[in-house]
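Colleague: Have a look; sequence and predicted model below, questions after that.
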Amino acid sequence: MKSTSNAVFVLPGKIEPLQTLRFLGALSVAIYHFGALTGDCPFDFSHAVYLFYMISGFVVMLSTREPEKKKYFLTRRLIKTLPLYWGLTVLTFIAGQFFPAIVGYRPTAVHLVKSLFFIPFDRPTARATTAIRPIVGLGHTLQMEMLFYLLFLAAIRINHKYRGYIAAGLCAAVALTGVFFPTDNPVIHFYTANPYVWTSFVAGMAIYGLFKLIQNKKPPFRAHKAVAVAAVIAAVAAAVPVFIVKTSVWYDIFMLAVVLAAGLTWSACGLKSPQFAVKAGNISYSFYLIHYYIRTIGVRLFDINTPSIRNVLLAAAVCAVAWGVSWVSWYLIENKLSGFLKKRVIRGA
């Protein structure tokens, strides 16, 4: 984009860096699941899930910026989320009845119903004796997302203009409940025991508010590229420490917020993102839910449990296969099926 004195700072209709960041977040979670291969790297790659929560906080604000969009807010979220998650939940439940050793345990019908409707419960896992997880283990992030959507829906109904402030207050109330009223009840404990999640949602909404505040303003430099490069340098500077020393979760959340803001700045300055990363980000939801199944098969077949060049290459091959399977899932379920449902359920979509 050529720099001119009339250039303004504005987010485009399609924000490519969000997809790029989704790709990087999903890849980080996959790296975490091959944790034996990361050696002495101090960064906890599982913290990339907080980036997903931030993006959700930003996107719900962006997608409801026009009052008429609030009508189908929750419906759109459910159409995007449920088909793949429900399908994997049912398939995993069936597999668990015949191959409990592979799934990790034999889920019950009660577990199935609770998983389908995002009701937390205790169950055995491969990494711990028990944990609060749905049948599809990584679906625990969707449980948090669903409660956030309900809180945000309530905020919209109360006052659309101040929905961000109201939703932030509700998120804070949930987090503080866990601080002042801890409990062993799996449902309440699950939703209230992790303040990092609710902080991430609020951070995403706050970043939207910041960009709305400065949009259509002339950047401090005539050259948009200078602004974008400065943002990327700031993101790298914030990210480097986590790969050198063990940092707190709060610092990791701060770093991810800077990375998200940098990506949005890059887009607002009119610059393009790498198309391979954008396309990979399009299927990141499918990859996020599916890759652990492929990873489990790969680890069982090839014993990818110790650091070596062989195992790193095998892990990369397993991830490549997972991306391929995820593309099929994205095309058939997220693209075709969800697109069909959206047209049938939401008039004029």
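Modeller: Cool, got the structure.

Colleague: tell me, what residue is most central in this protein?
Modeller: With distances taken as C-alpha atoms, centre = their mean, Phe52 lies nearest the centre of the chain, 2.4 Å away.

Colleague: In contact with that one, which residues?
Modeller: By C-beta atoms under 8 Å, 6 or more residues apart in numbering, Phe52 lies in contact with Arg22, Gly25, Thr141, Tyr288. Quick note: C-beta positions are derived from backbone N, CA and C, even for glycine.

Colleague: doesn't Ile304 fall inside a helix?
Modeller: No. Ile304: not assigned to a helix; according to DSSP: H, G, I helix; E, B strand; the rest coil it is coil.

Colleague: I figured it hits Val318, correct?
Modeller: Yes. In terms of C-beta atoms under 8 Å, Ile304 counts as a neighbour of Val318; the distance is 7.3 Å.

Colleague: between those two, what contacts are shared?
Modeller: Shared contacts of Ile304 and Val318, counting by C-beta under 8 Å, 6+ apart, come down to Gly298.

Colleague: for the helix ranked longest in the chain, packing partners?
Modeller: Taking DSSP state H as the assignment, the helix of the chain that covers the most residues is helix 73-98. The helices and strands touching helix 73-98, judged by 3 or more C-beta pairs under 8 Å, 6 or more residues apart in numbering; DSSP states H and E, are helix 49-63, helix 100-103, helix 109-116, helix 140-158, helix 284-302, helix 338-345.

Colleague: Please name whichever of those is nearest to Val240.
Modeller: Closest to Val240 of those, according to C-beta to C-beta: helix 49-63, at 16.7 Å.

Colleague: Pull the closest one out as CSV, backbone CA atoms only.
Modeller: The C-alpha atoms that make up helix 49-63 are tabulated as CSV, following Å, rounded to 0.1, in the frame of the first residue of the first chain:
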residue,chain,number,x,y,z
VAL,A,49,-5.3,-21.2,24.0
TYR,A,50,-5.5,-17.7,25.6
LEU,A,51,-4.9,-16.2,22.2
PHE,A,52,-8.0,-18.0,20.9
TYR,A,53,-10.0,-16.5,23.8
MET,A,54,-8.7,-13.0,23.0
ILE,A,55,-9.6,-13.4,19.3
SER,A,56,-13.1,-14.5,20.4
GLY,A,57,-13.4,-11.4,22.6
PHE,A,58,-12.3,-9.2,19.7
VAL,A,59,-14.5,-10.9,17.1
VAL,A,60,-17.7,-10.9,19.1
MET,A,61,-17.4,-7.1,19.5
LEU,A,62,-16.5,-6.7,15.8
SER,A,63,-19.3,-8.9,14.5
